[in-house]
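Visitor: Predicted structure and sequence below. I'll ask about it afterward.
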Amino acid sequence: MKYSIVFSAALVALSLSACDRTPVVVAPPTVIAVPGPAGPAGATGDTGSTGATGNSGATGYTGATGDTGAKGASGATGYTGATGATGDTGATGDKGAKGNTGGDTVVIVPAR
């Protein structure tokens, strides 16, 4: 029994120390200031100075080549050329063969 009391006391001491919880710290509530009514409007400020001029923009790209134009109209008809010189007279032809008399053919000319 001597050992059982010492053993029980050691067991109680260990079990109580194992159940020890850390205390929880509660933060006090934050105080929020509530603003009062708005005061009168202040005086209008001075006009600001003019800003600096901006830089010039970059030059643009060259545009695309245009389409080929339409076919032009036909030109006017030219003037008539000058008349050529008259040619030389041709050579005389060969003499023809003697013809027939015609025989018994009679030609009747109607009266008017």
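Guide: Ah, there it is.

Visitor: Now for Ser56, how many residues are close by?
Guide: Using other Cβ atoms under 10 Å, the number of residues around Ser56 comes to 6. Placement of C-beta: from N, CA and C, glycine included.

Visitor: Per-residue pLDDT of it, please?
Guide: pLDDT for Ser56: 91.

Visitor: Look up how far Gly69 lies from it.
Guide: 35 Å (Cβ to Cβ, to the nearest Å).

Visitor: How about Thr86?
Guide: 49 Å.

Visitor: Gly51 now?
Guide: Relative to Gly69, Gly51 is positioned 49 Å away (Cβ to Cβ).

Visitor: same check, this time on Val107
Guide: 75 Å.

Visitor: Asp88 now?
Guide: 54 Å.

Visitor: before we move on, what about Gly48?
Guide: From Gly48 to Gly69 the distance is 56 Å (Cβ to Cβ).

Visitor: Then Ala97?
Guide: With Cβ to Cβ as the criterion, Ala97 and Gly69 are 72 Å apart.

Visitor: Poorly predicted segments of this protein, please.
Guide: Judged by pLDDT under 70, the chain has its weakly predicted residues at 1, 17-21, 101-102.
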